[in-house]
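model the following, please.
(one chain, ligands or ions: 2)
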Amino acid sequence: MLATRGYAAKGPASPLEPYDFGRREPGPRDILVDIMYCGVCHSDIHQVRSEWGASIYPMVPGHEIIGNVTEAGDKVKKFKVGSTVGIGVFVDSCRECGPCRAEEEEYCEKGVTLTYNCYERDGKTPTYGGYSTRITVDEAYAHQIPKGIPLERAAPLLCAGITTYSPLRHFGVKARDQIAVVGLGGLGHMAVKFAKAMGMKVTVVSHSPSKRDDALRLGAEDFIATSDQSVFKKNVMRFDFILDTVSAGHDLNAYLNLLRLDGTMVMVGLPEPMLLTASALVDKRRRLAGSSNGGTRETQEMLDFCAKHNIASDVEVIPIQRIEEAYDRTVRSDVRYRFVIDIASLNQR
Ligand SMILES: [Zn+2]
Ligand SMILES: [Zn+2]
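Ligands and ions are numbered 1, 2, ... in the order given. Predicted coordinates for the structure are as follows:
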C-alpha cells in the first residue's frame, strides 16, 4: 500500500482531522495521481454528517479532484506521467450494463462506485476521496484537463460543472431559448456560464436580491428575486426551460408555472420531499425531470467545452486546516462560489 495523508471524519459529529491511510499500488490500467486541488461540494458536508443515511467512517471526502499523474500502469493509454487529470464523483462501475456501455456510468444499473463513502467493486474496500495527497484510479474514470483552464478553478467542474452541463445538453435546450437558473450557488453559477456560452437567454431566480449584480456579471440577462412573491405572477409562462439547483424545500408548483407550454423543469438538487400539484404539469403539458452528474464521455466533452469557451468555476482557495470554517460558510451560502482546498497544505501540519 502507498502511504497517503488525508483529512477524515471519524463519525457524524466529528470534525475533519488528519488521517493517514493506504492507497493501492497502481495496476496495469491504473494511474497514480498526486492531488493538487480538491473542491468542497455541499454533498461532502451532507455525507460527513451522515445526513443522507448510513455513512462509512473514517470518511475522507472530496470528489472534485485535480492532480498530476506520477505513475501509469503498462496498459494505460489515455495518460502518461505528467498528465494533468480530473477525477469526479465516481471511480468505477459495473462496465457491462446499458448505461455503462453508453458511457453514462453515473446511471450504472448495479450502482457506481462513488469516489468516497462507498466500497470498491469487491464490496469491502472503502473508497477515500480527494482531501488527500494522492489517489490510485483506473484510467477509464479519469479525465484529461485541457490546457488553459486554471487548475484550482477546474476542480469544481468535476461535480458542479458536469451536474449543470449535462441537463442543458440532454434535454435539448436550444440557443436563444429563455431559461431560468434557480439558485445561484456552486451549481447555479456554473449553469449560468454554460447556458450563456451555449447562446441561451438566462435569467437567475434567487431568494436573495443581493445576488443580482453577480448574476448579471456571470452572464445572466435578467434577475428575479423571490423575496417578493409577486414575481411568480408576473413571470408566469415566461421560460422554455428551468434548471432548479436548490437543495432546500421550495414551492415546486410556483416554479412550474413559470414554464411555457411544453416547458421542462429539471431538478439537480436533492431537497426534502415536496408537494406537487398535477395541474401545474397538466395545464400546460409541462415536464418535471431530474438529472444526476454525468458520465465519462460527457465529462470530457464538458471539460473541452470549458477550455474552448474560457469557462471555469469562481473559487476561494483555502488550506485544509480551514475546512471546518469552509463547511460552515458553505452551509450559510457564504461562498462565491466554491471552496477549493490547496492540497499542498496537507504537508504542513
Ligand atoms: Zn459534488
Ligand atoms: Zn453499469
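
distance of the residue in the stretch 201-349 of the chain that ligand 2 sits nearest to from ligand 1?
Residue of the stretch 201-349 of the chain nearest ligand 2, by C-beta to the ion: G295 (10.2 Å). In short, each C-beta sits where N, CA and C put it, glycine included. With distances taken as C-beta to the ion, to the nearest Å, G295 is found 15 Å from ligand 1.

which residues does that residue contact?
P99, A102, E103, E104, E105, E106, Y107 (C-beta atoms under 8 Å, 6 or more residues apart in numbering).

so what's it closest to, chain neighbours aside?
Nearest non-adjacent residue to G295, counting by C-beta to C-beta, 6 or more residues apart in numbering: E104, 4.0 Å away.

and that neighbour, what is it in contact with?
So E104 contacts G294, G295, R297, E298 (C-beta under 8 Å, 6+ apart).

in the longest helix seen in the chain, what counts as buried?
When the chain is parsed with DSSP state H, its longest helix is helix 296-309. Using 16 or more other C-beta atoms under 10 Å as the test for burial, helix 296-309 gives T296, E298, T299, Q300, E301, M302, L303, F305, C306.

show me how far that helix is from its chain's centre.
14 Å (C-alpha atoms, centre = their mean, to the nearest Å).

show me what that helix is packed up against.
strand 143-144, helix 160-170, helix 186-197 (3 or more C-beta pairs under 8 Å, 6 or more residues apart in numbering; DSSP states H and E).

ok, now with 6 Å
With contacts defined as 3 or more C-beta pairs under 6 Å, 6 or more residues apart in numbering; DSSP states H and E, helix 296-309 has these neighbours: strand 143-144, helix 160-170.

ok, the residue nearest to G295 to V89 distance?
Distance of E104 to V89, given as C-beta to C-beta, to the nearest Å: 13 Å.

one more: V204?
Taken as C-beta to C-beta, the span from V204 to V89 is 25 Å.

report the contact partners of A225.
P209 (C-beta atoms under 6 Å, 6 or more residues apart in numbering).

just G269 next, same as before
T245, V246, S247.

for the last one, which non-adjacent residue is closest in space?
Once its chain neighbours are removed from consideration, S247 has its nearest residue in G269; the separation is 3.8 Å (C-beta to C-beta, 6+ apart).

what about the nearest residue to T163 once chain neighbours are set aside, neighbour count?
Take T163 and drop its neighbours on the chain: the residue closest to it by C-beta to C-beta, 6+ apart is N293, 4.9 Å away. Neighbourhood size, N293 [other C-beta atoms under 10 Å]: 24.

if we can go back for a sec, would a markdown table of the contacts of E104 with distance to L288 and pLDDT be doable?
As requested, those are exported to a markdown table (distance: C-beta to C-beta, whole Å; pLDDT from 0 to 100):
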| residue | distance to L288 | pLDDT |
| --- | --- | --- |
| G294 | 20 | 96 |
| G295 | 23 | 97 |
| R297 | 26 | 98 |
| E298 | 22 | 98 |
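
sorry, back to before: quick check: phi and psi at the residue nearest to T163.
phi -80, psi -120 (degrees, to the nearest 10).

which pLDDT value belongs to the residue of the stretch 151-300 of the chain found nearest ligand 1?
Across the stretch 151-300 of the chain, no residue is closer to ligand 1 than C159, which sits at 3.2 Å (C-beta to the ion). At C159, the model reports a pLDDT of 98.

what's the distance between it and P99?
Using C-beta to C-beta, we find C159 at a distance of 18 Å from P99.

comparing the two, which residue is more hemmed in?
Higher neighbour count among C159 and P99: C159, with 28 against 17, using other C-beta under 10 Å.

relative to ligand 2, how far out is that one?
Counting by C-beta to the ion, the gap from C159 to ligand 2 is 20 Å.
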